[in-house]
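Could you work out the structure for the sequence below:
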Amino acid sequence: MKITVIGGGPGGLYFSILTKKALPNCQIDIFERNKDGESFGFGVVFSDETLGEFLKRDMQSYELIRSEFSYWDDIIIARDGQTVNIAGNGFCGCSRKKLLQLLQKRCLEQGVNLHFEQNVDDLNQYRDSDIIVACDGIGSQIRTQFQDYFGTKVSLKKNRFVWLGSTKPLDAFTYFFRSTPHGTVVAHSYQYEKDRSTWIFECSEDTYQKLGFQVANEQDTINKISEIFKEELDGHPLISNKSHWRQFPHVTNEKWFHENIVLLGDAKATAHYSIGSGTKLAMDSAIGLSDAVIANPNNVQEAFNQYDKSRRTAVEMIQYAALVSLDWFENMDRNMQHPFYQFAFGCMTRSKKVTYENLKLRDKSFTDKVLNEFYLLSSQAQSRDFNESINSNQSIAFTPYKLREIRLQNRIAMSSMGQYTALDGLVNDWHFQHYTSRAIGGLGLIITEMTAISENGRITLGCAGIYNENQIIEWKEITNFIHKNTHTKIGIQLGHSGRKGATKIPWEEKFNGKPWDLLSASAIPFSENSLTPKEMTKSDMYLVTTQFVQATKNANEADFDMIELQAHHGFLLASFLSPLTNIRKDEFGGIIENRLKFPIRVFTEMRSNFPKEKPMSVRISATDWAENGISESDVITITTAFKNAGADVINVSTGNTVEHQKPQTGRMWQTPFSNAVRNTVHIPTITAGSIQDIDQINTIILNGKADIVALGRPLLLDANFVRNAQAYEQFHAQDIPNQYKMGISHLYPLKLSERKQIEGMKKALKPKSNEK
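Numbering: from 1, shown residues only. Okay, here's the model as predicted:
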């Protein structure tokens, strides 16, 4: 077998070492554009986990790297002179130039041929190769030639960054954040060898422009950065090496191979440096490609398929984590407003791979600082509001929260979930058990399913309503039981289906009734199988507004503690907010201020007809997950307007506006939108979306990304989610009914044992330290 490797970076070198070691008779040639001994950049970072994989694959490479690296266990976060150390992380830094030299040495030992100063842009000379490995970097010429076949996508991210070095010694990987009159600048810094450290400086485009940086003026960059970070550099100089300001290119490819060409390293996929995974990604993929070639030496296409199958998911997970991490740095000016330890906790948990419990196991002294700060600030707020203090041993999720004059016993809510079981809008025994059982289960807040303000406002024939006296009576049975027997508060979500009405019940095959007339901002059906709605007239708007007002009065009569206005997921009010569903040419269409007019009118009228001591929420979709949909600036305008109109909390959802949406889901996937609203508009928020356990809930609240966490599907099959979480946290709730208190002696020891087992497994699975 003849293998040609274009690009002599760590990925290409390591692939060649492993493959030649297993298949000694194959011919491998590496062609590198730079001179022998020439390298750009300064250091690279590996975790204990990555080093452990090197140990298993090639002991000699592992020992060579290990003999040269600088090891640290801590991460330090420093902001304007205030610092905190977080132990238990396990990383090493190594000179990029030294790493290349070590891997080149191993290649020569294995019989791999190295060719330097070879700038390859024509593959015809290698057409006799069985495999051509294209690992020629982010700007890969080979990938560019065949980008249509690979399905290449390259997007430049917003922030600017520059890569520099210094003689400043560092004891740990350190994030230095510095405030300037023009915004925040951060240094990602670590030592990679004696008297040498890497410093990656990053800031927003706005800060970059206002500070007067120039892309290629290295001396000017050094002068300005040295002044901003003079305390951190402590007299040590900065060193440049083609150190030009750039924007990070996020590279993806739909296909990783074409004919006999296969992509590797940054040519294939990039991961933002903030999670330190660029070189790791390249070398892990080198392992995957080598394994595939070794397993299929006589079938190149099958080898490539195995490579894609074995590595695709892992690569996409790392890229996703990197994008989430990158987003945190793109919004660091917003994050800087947080108290210091909350800020540091947010930095450590930014990619969502690390949670509160992970950090507590690594370094309890750090999480204690985070908790003490949270308790202190929360206790001050509670003392103002409730004349009570918060116990320093209290679980984060089980701290109380106040909205106007109602006190939530904890921060966990049940999200609005349609039950589709009402008859003529009347709730029944099913709804009674559904809501009361979860109230007994200890929730802080229940938000009912969307409850229609009129018969034609229902989504399906099974939707609940609150537009007549009988419906009020049935709802009041539920609220009375909850208020009498639990500490849970219950809010009702009031809404109108708009263009998404007259729809079949989800588990039925078809709509079993007579369709009714639909209303929307514009006459656009939701899907090709949907009815076309009528574009609302001013008289329609007046009627619907009066229906919302009457439903508000009915909700108060039914003794609900809170009202949530449905302005999300493309229903009637939401159809005015999104430019995808509102194409009106009158005063209610066009710019966001016009699209807001009708929803704000409805809310204002509702607020004036609901007791002032009771809070109101608005649920919105913060993105349509579709091109040309609602923008982030639109969302800020919308939520600011609702805040000014008297909203007490924003329930931040996303999507479901249009059928062709392409949501990007994952664990806690909607929290960034909640974070943006909460910390830009400065209004409390509720978040939801693939939040599955108490650890995630605690992490979200400690991060300041939301004030209340709403669960949907986790509560469908576990009405006692909160009770199980309280036992897991060993939090002794005061609202457990007397009839059920005997269960404490069983559940609490059981959950304590389970937690100890889980923590034991996490400690056992932690990668072994590779410190010399």
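
Format the CA atom coordinates belonging to stretch 616-626 as CSV.
C-alpha atoms of stretch 616-626 as CSV (Å, rounded to 0.1, in the frame of the first residue of the first chain):
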residue,chain,number,x,y,z
MET,A,616,-47.4,37.6,34.9
SER,A,617,-45.1,35.7,32.6
VAL,A,618,-44.7,35.8,28.9
ARG,A,619,-43.5,32.8,26.9
ILE,A,620,-41.6,33.7,23.7
SER,A,621,-39.6,31.9,21.0
ALA,A,622,-36.2,33.4,21.0
THR,A,623,-35.3,32.0,17.6
ASP,A,624,-37.3,30.5,14.8
TRP,A,625,-34.4,28.1,13.9
ALA,A,626,-34.9,29.2,10.3
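
Confirm for me that residue 273 is in contact with residue 199.
No: taking Cβ atoms under 8 Å as the definition, residue 273 is not a contact partner of residue 199, at 11.7 Å. No exception for glycine: its C-beta is placed from N, CA and C like everyone else's.

what touches both of the two?
residue 188 (Cβ atoms under 8 Å, 6 or more residues apart in numbering).

Just want to know which of these two has more residues nearby.
Of the pair residue 273 and residue 199, residue 199 is the one with more neighbours under other Cβ atoms under 10 Å, namely 27 against 22.

Which elements pack onto the helix or strand hosting that one?
Residue 199 is part of strand 196-203 when elements are defined by DSSP states H and E. Here strand 196-203 touches strand 43-47, strand 91-95, strand 152-166, strand 183-193, going by 3 or more Cβ pairs under 8 Å, 6 or more residues apart in numbering; DSSP states H and E.

Could you pull up the contacting residues of residue 294?
Residue 294 touches 18, 19, 22, 23, counting by Cβ under 8 Å, 6+ apart.

Is there a neighbour count for the second one? I'd like the number.
As a burial measure, residue 19 scores 27 neighbours (other Cβ under 10 Å).

Check the spacing between it and residue 57 real quick.
11 Å (Cβ to Cβ, to the nearest Å).

thinking again about what came up before, got the buried residues for the strand holding residue 199?
196, 197, 198, 199, 200, 201, 202, 203 (16 or more other Cβ atoms under 10 Å).

Show me the strands paired with that strand, marking each as parallel or antiparallel.
According to DSSP bridges, strand 196-203 forms sheet pairs with strand 152-166 (antiparallel), strand 183-193 (antiparallel).

Redo those as CSV? Include mean pLDDT and distance to residue 336.
Below are the strands paired with strand 196-203 laid out as CSV (pLDDT from 0 to 100; distance: least, Cβ to Cβ, whole Å):
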stretch, mean pLDDT, distance to residue 336
strand 152-166, 96, 14
strand 183-193, 94, 6
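
now this structure, which segments are flagged as low pLDDT?
In the predicted model of the chain, residues 41, 277, 381-394, 765-772 satisfy pLDDT under 70.

Let's see that with 50 instead.
Applying pLDDT under 50 to the chain flags the ranges 385-387, 389.

ok, residue 623 touching residue 655?
Yes: in terms of Cβ under 8 Å, residue 623 counts as a neighbour of residue 655; the distance is 6.6 Å.
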